[in-house]
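S.K.: A structural model of the following input is requested.
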Amino acid sequence: MTTNAQTVTALEAQHVLQTYKRQPVVFDRGEGTRLFDVDGRAYLDFISGIGVVVLGHAHPGLAAVIADQSKTLIHTSNLYYHPLQGQLAAKLASLSGLQRAFFCNSGTEAVEACLKFARRFWYSQGVKNRTAFVALEHGFSGRTMGALSVTANAHYREPFEPLIPGVTFVAPDDIAGLEAAVTDSTAAVIAEPIQGEGGVRPLSPEFAAAIARVTKQTGTLLIADEIQCGLGRTGWPFHYQSLGWTPDLVTVGKAIGSGIPIGAALVAERVAAQIFPGDHGTTYGGNLLSTRTALFVLDQLDALAPHIRDAGELFGQRLGDLQRQHAVVQSVRGAGLMRGLELTVDAQPVVEAALKAGLLVNRTAERVVRMLPPLTVSPAEIEEAIGILDGALASVRVEGLTAGVKA
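M.R.: Numbering: from 1, shown residues only. Got it, this is the predicted structure:
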């Protein structure tokens, strides 16, 4: 690490709460799919701020919209109307089929809103015992208390227990377990169509169909957690659409602002009819700057849809080539531009080797290399990333031997 970087990290070490294990690199500039550190070295960014910066870094159009709105009006609170919330809500309704939106500042806030709205739906109808939730093992919905309560990983949960009661976790291949867990006290089932933090694990068609069937038969609400897999990343506006779901609530975050904080809870009309003024709120959520940004991002994603499908197919094919070449790669997971390489060993050495070679990816679920590049990523950048991953995978060792290349 250079002197410039050491100055930054030393100041953080003194004054920033140490809740993150940061990689040893300091960035101060970006352009498209590349980030540049304080010493001017370029890195290919295939994690994009954990799936946030979907239009790439320093997008000229996005920068112009942010600058224009900041010179006009940024924030008024939710005490008053402004022209943009309704426009954004209508756009999201056209993409999702859910008629109404509640705007907030992040994905975890969207989860909090959906959990509250699910309980309120039943309470408003006088069914006061339907307060429980069913969530999935390997699921991750955020770190606030409600979202953490429906997140399975004990490492995240245990230091903060007791969390909200009445949450049952089911393995995402256990249909009988799901059928047993959903009872007449269950308010909602919450599930990510592709589990991101849990290791880029798509739900199987059979289990996804079971969720749809069980929730429909019991009247239980279905919350589709689309924070990571939604808004074009897999080639669909929302990935639940590929599973045939008709959810009652949908969480939105990450991609919608391409770096400007904004989230949303999308709500079906029958649920919205049971929500009333004062039930939930936020100071910043849905302000003019964030909603203007999101409108621009969603317009860009419409135009990018064919590119995302082509790039996602190429990315999947080339990762499949790596699996065939490297014994350490156990499987390729995900869809579109949300991909994971499941390894037979800890993924951290591969992540570190890629960083040294100028590629940013991250480790999740211990043995998975997760990749969430900007949705604007080019075929040439995908090929460049595959070349770096090829070298990084060849450098790891399995049971004391260099992983090597398959014959």
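
S.K.: in the stretch 1-150 of the chain, which spans are strands?
M.R.: 27-31, 34-37, 42-45, 100-104, 132-136 (DSSP state E, counting those that start in this stretch).

S.K.: Could you report the pLDDT at Val398?
M.R.: Val398 is assigned a pLDDT of 64 by the prediction.

S.K.: One more: Ala407?
M.R.: pLDDT, read off for Ala407, is 48.

S.K.: Show me which residues of the longest helix seen in the chain are buried.
M.R.: With DSSP state H setting the assignment, residue counts place helix 288-325 as the longest helix in the chain. Within helix 288-325, the residues that qualify as buried are 288-298, 300-301, 304, 307-309, 311-312, 314-316, 318-319, 322-323, 325, counting by 16 or more other CB atoms under 10 Å. (Each C-beta comes from the backbone N, C-alpha and C, glycine too.)

S.K.: Report the rounded mean pLDDT for that helix.
M.R.: Helix 288-325 carries an average pLDDT of 97.

S.K.: what residues does the helix or strand just after it touch?
M.R.: Downstream of helix 288-325, the next assigned helix or strand under DSSP states H and E is strand 329-335. Residues outside strand 329-335 that contact it (CB atoms under 8 Å, 6 or more residues apart in numbering) are 194, 199-202, 229, 234-235, 239, 242, 312, 316, 319-320, 322-323, 339-344, 367-368, 393.

S.K.: distance between strand 329-335 and the chain's centre?
M.R.: 18 Å (CA atoms, centre = their mean, to the nearest Å).

S.K.: Neighbouring strands of the helix or strand following that strand in the sheet, and parallel or not?
M.R.: Next in sequence after strand 329-335, counting helices and strands by DSSP H and E, comes strand 338-343. As defined by DSSP bridges, the strand partners of strand 338-343 come to strand 329-335 (antiparallel), strand 368-371 (antiparallel).

S.K.: Just want the angle from the longest one to helix 288-325.
M.R.: Counting by axes from the mean of the first three to the mean of the last three CA atoms, to 10 degrees, strand 329-335 lies at 150 degrees to helix 288-325.

S.K.: what comes up buried for strand 329-335?
M.R.: By 16+ other CB under 10 Å, the buried positions in strand 329-335 come out as 329, 332-335.

S.K.: ok, so of those, who is nearest Ala89?
M.R.: Relative to Ala89, the closest of those is Ala335; by CB to CB it sits at 27.0 Å.

S.K.: how close does that closest one sit to Trp245?
M.R.: 15 Å (CB to CB, to the nearest Å).

S.K.: circling back to that earlier point, which among the contacts of strand 329-335 end up buried?
M.R.: 194, 199-202, 229, 234-235, 239, 242, 312, 316, 319, 322-323, 339-343, 367-368, 393.

S.K.: ok, the spatially closest residue to Leu84 that is not a sequence neighbour - contacts?
M.R.: Excluding the flanking residues, the one nearest Leu84 by CB to CB, 6 or more residues apart in numbering is Thr291, at 4.0 Å. Thr291 makes contacts with 82, 84-85, 87-88, 103, 262, as judged by CB under 8 Å, 6+ apart.

S.K.: would CSV of those residues with distance to Val8 be doable?
M.R.: Shown next, in CSV, are the contacts of Thr291 (distance: CB to CB, whole Å):
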residue, distance to Val8
His82, 38
Leu84, 36
Gln85, 37
Gln87, 40
Leu88, 36
Phe103, 33
Ile262, 28
